[in-house]
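Novice: I would like the atomic coordinates for the input below:
(chains A and B)
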Amino acid sequence: ETGVTQTPRHLVMGMTNKKSLKCEQHLGHNAMYWYKQSAKKPLELMFVYSLEERVENNSVPSRFSPECPNSSHLFLHLHTLQPEDSALYLCASSQGTGGLMHTGELFFGEGSRLTVL
Amino acid sequence: SQKIEQNSEALNIQEGKTATLTCNYTNYSPAYLQWYRQDPGRGPVFLLLIRENEKEKRKERLKVTFDTTLKQSLFHITASQPADSATYLCALANYGQNFVFGPGTRLSVLP
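Specialist: Predicted coordinates:
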């Protein structure tokens, strides 16, 4: 496999459920990201991991919990979500973080479409 | 606060014409500007990067300009084709910072 792979592609969950989104990159990159994309809104950066260390957390509610066990894998654990959390969750990777390190080109996965009932 | 705007939410043009998309920003001095393409239900795909000291960048039928005085980037697709129909996103970053995305423009190229 190549690129960035996200599973599941679609997820429906109740507000009391616990679920996880998974992301895997096969590009040898050292930075991974979670973005949220809601209808009519720009991509929102949620979390950034560089060399498996979280380097950015953009005031994301604690009901979203990221985990980066190694440089190839990234998880987003979901717990007691709200209907307004329904969105497309995109994982991305890059070589380095920020414009200084590299072109900053982000390689995105296809996303996980989350619906919270 | 920083703000990124992309001309209209949607743009319709006739096949063969040049599509011009605009990215304007305020309260920001980015060192880098990127353009991405996103198809429905898919993740964005990187197209071009332009740096603050570059006026223009080209790649095949694509051309990007970056005017730091006007605080604007223009993205051109020449000889547009229906296959170019997608949402186009601009993203800006300063040194050592992560890219911040604009809301996108949905382009439809009509046959």
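Novice: surely B:Gln34 is in contact with B:Pro44?
Specialist: No - B:Gln34 lies out of contact with B:Pro44 (C-beta atoms under 8 Å); the separation is 9.6 Å. C-betas here are computed from N, CA, C, even on glycine.
Novice: check the residue nearest the centre of chain A and give its pLDDT.
Specialist: Centroid check for chain A by C-alpha atoms, centre = their mean gives A:Trp34 as the closest residue, at 2.4 Å. Here, the pLDDT recorded for A:Trp34 equals 95.
Novice: run through the bridge partners of B:Gln72.
Specialist: The partner list for B:Gln72 in beta bridges (DSSP bridges) reads B:Asn24, B:Asp67.
Novice: is it correct that it is in contact with B:Tyr28?
Specialist: No - checked against C-beta under 8 Å, the pair B:Gln72 and B:Tyr28 is beyond contact range at 11.6 Å.
Novice: for A:Arg113, give me its contacts.
Specialist: Shown in contact with A:Arg113 (C-beta atoms under 8 Å, 6 or more residues apart in numbering or on different chains): A:9-11, A:88, B:41.
Novice: next one: B:Gln34
Specialist: Neighbour list for B:Gln34: A:103-105, B:46-50, B:90-93, B:99 [criterion: C-beta under 8 Å, 6+ apart].
Novice: same check, this time on B:Asn24
Specialist: Here B:Asn24 is in contact with B:4-7, B:71-72 (C-beta under 8 Å, 6+ apart).
Novice: and the residue lying closest to B:Thr26 once chain neighbours are set aside, how close does it get to A:Thr7?
Specialist: Distances taken as C-beta to C-beta, 6 or more residues apart in numbering or on different chains put B:Lys3 closest to B:Thr26, at 4.7 Å, once the chain neighbours are dropped. Computed as C-beta to C-beta, to the nearest Å, the B:Lys3 to A:Thr7 distance reads 35 Å.
Novice: can you give me the helices in the chain?
Specialist: As the question left the chain open, I've gone with chain A. A:98-101 (DSSP state H).
Novice: in it, what residue comes closest to chain B?
Specialist: A:Phe108 (3.1 Å; C-beta to the nearest C-beta).
Novice: any idea how far A:Ser59 is from that residue?
Specialist: As judged by C-beta to C-beta, A:Phe108 and A:Ser59 stand 22 Å apart.
Novice: between the two, who's got more neighbours?
Specialist: Counting neighbours by other C-beta atoms under 10 Å in any protein chain shown for A:Phe108 and for A:Ser59 shows that A:Phe108 has the greater number, 24 against 5.
Novice: do you know the pLDDT at that one?
Specialist: pLDDT, A:Phe108: 96.
Novice: partners of it in the sheet?
Specialist: Note on A:Phe108: beta-bridge partners A:Ala92, judged by DSSP bridges.
Novice: list the contacts for it?
Specialist: With C-beta under 8 Å, 6+ apart, A:Phe108 has these contacts: A:4, A:35, A:90-92, B:43-45.
Novice: if we use 6 Å, what do you get?
Specialist: Residues in contact with A:Phe108 (C-beta atoms under 6 Å, 6 or more residues apart in numbering or on different chains) are A:90, A:92, B:43-44.
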